[in-house]
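*Asks:* model this:
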Amino acid sequence: MSFANRILNRSYFILILLAASTLRAQPVLFQKPLSPRIANYDIDVSMDPKSHLLKGHELLTWYNKSSDVITAIPFHLYQNAFRNNKSTFMRESAGSFGVKDVKEEELGYIEITSIKLPGGEDITKNMRFIQPDDDNAEDKTVAIIPLAAALRPGESAVLSFDFTVKFPQPPRARSGIKDEYIFAGQWFPKAGVYTDGKWNCHQYHSNTEFFADFGVYNVRITVPDKEIVGATGIEYKVVNNGDGISTHYYHAEDVHDFAWTSSPEYLEFKGKAENVDIRVLLQPDHANQAQRHLDALKTAIEYFHKLYGDYPYSNFTLVDPRRGALGTGGMEYPTLVTSGTAYGMPECLRLPEMVIIHEFGHNYWYGMVASNEFEESWLDEGINSYSEYQIMSEKYGPDADFLDFACCRINDIQFGRSQYILAPSTDPVIRYGWEYYSGASYGVNSYMKPGLILTTLQNYLGKETMLKLMRTYFERWRFKHPKTKDFIAVANEVSGEDLNWFFDQALYSNATLDYSVEKVTTTDLPADKGYDFNRAVEGAVPPSTPAQSEKADSAKTGGTVKMYFSQIDVRRIGTFKFPVEVEATFEGGEKVREKWDGQDLWKKFRYLKPERLVSACVDPDGKIPLDANFTNNSKTVQTQRLGINKTSAQLLFWVQSLFDMPELLNLVTFLTALF
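*Replies:* Next comes the predicted model:
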């Protein structure tokens, strides 16, 4: 861009600021850049209320901040994933998004009608579709346009697009229309990311989210007057066009995406936390949950501020999807996310709170620390799941922060583990999103397993060290595009030790962590014949307390005190090697804590004591939630039936409760649809 154009561009934003100030007090809209601002968008979009088609005009200004010469720009056309049942997204989705039953009128698309250069030259015919991931010629989610002139380092390119969007109905995979409700996500031509000397612009896959450069967005959304609109950034002006429609002017800086929603049904609730203006757009049938949503959002903002650092934007919008539009629920965009709830949601189930905390957290790990979710999804979803676990536990827990109903008390980590243990070793965590064995494996390795990995690491390093690690990572890498190696480098630096042994197993392999108490025994030794400690079985641990020593002395001199030889056999069942603790419990209540580096296949602990061994437990404090099987962590010398009897009673109680409480049946239906 020429110097004159730079001046004009800057003047344009100053005019925006001045115009906004005449309407009402507004935050500063033109601030010192927090990001490189590589991809910048100026978009006009209008919605036809009858056809529900979007008509858009986009001006993309892309800066070459690399050291290479750029000759073409690829861009995403995400809505073409729903163009037919032959797209890569629909093929990979199988039946999970209703592919088999989809009707033609329910499909969606994005159509580029014109691409022009600043001088007016039409270059639409030069656009071609590419399939960088799978060579599926039917997939049209990525296109590329050659530039009229090579773009040298430091120069910028300007492209003008005209486009039409038809959203899928009902909403599928994060965007769409349901009756009066519209959620516009991934709706405009969006440039790829030039990184590591090449373009990174993947197709839209069933198991992937997104990756984009930061920039400045000016978006004007024209919809009927009755529509209530929510969007990324700040709404600084609404103009009534006098013909039953209005235009909503939005501005956002240092973000890498833009989403918006509209519905005449929304009920608006407002609040404030940490100087952030909160706006909740709620469905009418969820109006009685307004305070829950506001309180959960305040909790999320306050905790993320406290734990990781400042949220730099002045506002945040939470959207409650319409009934029948759960495909748009639980989704994140800069300064705007969607939640998930149901009519009659019991307060004992903190599902809305969990979803809201999780989705707000994405504005940190997805919004500001903008890693490549196509290739390393755990850096957002997994780190965010870990943050969610910590906040839910601290705010509502720790024993029943997710569900607290009668005798059924479940915390968020346990809820995550319930999914993790179904597929703990199908794939390594690090894998391109579409290359996992299944959708379930993608979910486990992107969300639950990394959350448990980081919780295990926290218990290993200590909470203060882990907090410093996470805060350092956020502060160092916000408004950049970090990779796994960058996270590991911070972990090694902050902890002061080489943790590659841990991450190599946890992230780059499918090793399972599973330690088991295989066997516990206690053998009586003859008391009337005494016992020679000098000839004790190798490895036996002599009594340690004074009282026990007196009994041992009596045994040595031929007294009548009996001694017992006890042994605990501990095995490493999985291939993941991790240090563990083993606790032995003896008659009389004495507990002996042992440490084992966990490197060998097994370890035997032997004791010579005047009390019998009662039980043994691996990881007695529950510090290793990554352990894939808790049922083999402990064993008693005498067979116990109390545990199975208690479990059976709880199961019977829950079966009876489900039949007696219709709202719980509704809840089960909702959870099935959401997850």
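*Asks:* find the nearest non-adjacent residue to the spatially most central residue of the chain, please.
*Replies:* The chain has Glu381 as the residue nearest its centroid, 2.4 Å off, counting by C-alpha atoms, centre = their mean. Once flanking residues are discounted, Glu381 sits nearest to Ser446: 4.4 Å by C-beta to C-beta, 6 or more residues apart in numbering. Every C-beta, even on glycine, is put in place using the N, C-alpha and C of the backbone.
*Asks:* which residues touch the residue nearest to the centre of the chain?
*Replies:* Residues near Glu381 by C-beta atoms under 8 Å, 6 or more residues apart in numbering: Glu209, Glu373, Ser446, Tyr447, Pro450.
*Asks:* just the buried ones among those, please.
*Replies:* Glu209, Glu373, Ser446, Tyr447, Pro450 (16 or more other C-beta atoms under 10 Å).
*Asks:* secondary structure class for the fourth one?
*Replies:* In three-state terms, and counting by DSSP: H, G, I helix; E, B strand; the rest coil, Tyr447 is helix.
*Asks:* touching, it and Gly416? I think so.
*Replies:* Yes: between Tyr447 and Gly416 there is a contact under C-beta atoms under 8 Å: 7.4 Å.
*Asks:* shared neighbours of the two, anything?
*Replies:* In contact with both Tyr447 and Gly416: Ser385, using C-beta under 8 Å, 6+ apart.
*Asks:* how close does the residue nearest to Glu381 get to Asp504?
*Replies:* 19 Å (C-beta to C-beta, to the nearest Å).
*Asks:* same deal with Leu307?
*Replies:* Leu307 is 27 Å from Asp504, where distance means C-beta to C-beta.
*Asks:* more neighbours: which of these two?
*Replies:* Between Leu307 and Asp504, counted using other C-beta atoms under 10 Å, the more crowded position is Leu307 (17 against 12).
*Asks:* do I have it right that the more buried one meets Arg471?
*Replies:* Yes: between Leu307 and Arg471 there is a contact at 7.1 Å, judged by C-beta under 8 Å.
*Asks:* next one: the residue nearest to the centre of the chain, what pLDDT does it get?
*Replies:* For Glu381, the model assigns a pLDDT of 98.
*Asks:* show me where pLDDT drops low in the stretch 101-250 of the chain?
*Replies:* Along the stretch 101-250 of the chain, the model assigns pLDDT under 70 to residues 101.
*Asks:* show me where it has helices.
*Replies:* With helices called from DSSP state H, counting those that start in this stretch, the stretch 101-250 of the chain shows none.
*Asks:* residues contacting the residue nearest to Glu381?
*Replies:* Ser377, Trp378, Glu381, Gly382, Val429, Gly433.
*Asks:* possible to save these as TSV with distance to Tyr313?
*Replies:* What follows is the contacts of Ser446, written out as TSV (distance: C-beta to C-beta, whole Å):
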residue	distance to Tyr313
Ser377	24
Trp378	25
Glu381	21
Gly382	24
Val429	30
Gly433	27
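*Asks:* and these, which is closest to Ala148?
*Replies:* Nearest to Ala148 among the contacts of Ser446: Gly433, at 34.4 Å, using C-beta to C-beta.
*Asks:* excluding its backbone neighbours, what's nearest that closest one?
*Replies:* Thr208 is the one closest to Gly433 (C-beta to C-beta, 6+ apart), at 3.6 Å.
*Asks:* report how many residues lie close to Phe630.
*Replies:* Phe630 has 16 neighbours, counted by other C-beta under 10 Å.
*Asks:* let me see the confidence value for it.
*Replies:* 97.
*Asks:* mean confidence for the helix or strand where Leu467 lies?
*Replies:* According to DSSP states H and E, Leu467 maps onto helix 463-477. In this model, helix 463-477 has a mean pLDDT of 98.
*Asks:* before we move on, back to that, between the contacts of Ser446, which is nearest Asn80?
*Replies:* The closest of those to Asn80 turns out to be Gly433 (C-beta to C-beta; 18.1 Å).
*Asks:* any idea how far Pro284 is from the residue nearest to Glu381?
*Replies:* 34 Å.
*Asks:* what's the first helix or strand after the lowest-mean-pLDDT helix or strand in the chain?
*Replies:* One helix or strand of the chain scores below all others by mean pLDDT, DSSP states H and E: helix 3-23, with a mean of 37. Per DSSP H and E, helix 3-23 leads on to strand 39-47 as the next helix or strand towards the C-terminus.
*Asks:* secondary structure element for Ala423, which one?
*Replies:* Using DSSP H and E, Ala423 sits within no helix or strand.
*Asks:* which residues sit in contact with the residue nearest to Gly433?
*Replies:* Contact partners of Thr208, counting by C-beta under 8 Å, 6+ apart, are His202, Glu373, Phe374, Ser377, Tyr432, Gly433, Trp434.
*Asks:* JSON lines for the residues you listed, including secondary structure?
*Replies:* Listed next are the contacts of Thr208 as JSON lines, based on three-state DSSP:
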{"residue": "His202", "secondary structure": "coil"}
{"residue": "Glu373", "secondary structure": "coil"}
{"residue": "Phe374", "secondary structure": "coil"}
{"residue": "Ser377", "secondary structure": "helix"}
{"residue": "Tyr432", "secondary structure": "coil"}
{"residue": "Gly433", "secondary structure": "helix"}
{"residue": "Trp434", "secondary structure": "helix"}
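*Asks:* just the buried residues of the residues you listed.
*Replies:* Judged by 16+ other C-beta under 10 Å, buried ones among the contacts of Thr208: His202, Glu373, Phe374, Ser377, Tyr432, Gly433, Trp434.
*Asks:* out of these, who's nearest Ser441?
*Replies:* For those, the nearest to Ser441 is Gly433 (10.6 Å; C-beta to C-beta).
*Asks:* quick one: that closest one from His202, how far?
*Replies:* 8 Å.
*Asks:* which residues are in contact with each of those two?
*Replies:* Taking C-beta under 8 Å, 6+ apart as the criterion, Gly433 and His202 both touch Thr208, Phe374, Glu375.
*Asks:* adding distance to Asn315, write those residues out as CSV.
*Replies:* Output for the shared contacts of Gly433 and His202, formatted as CSV (distance: C-beta to C-beta, whole Å):
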residue, distance to Asn315
Thr208, 28
Phe374, 29
Glu375, 31
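*Asks:* about what we covered before: the contacts of Glu381: which two are farthest apart?
*Replies:* Glu209 and Pro450 (14.5 Å).
*Asks:* and stretch 624-639, how far out from the chain's middle?
*Replies:* What separates the centre of stretch 624-639 from the centre of its chain is 29 Å, taken as C-alpha atoms, centre = their mean, to the nearest Å.
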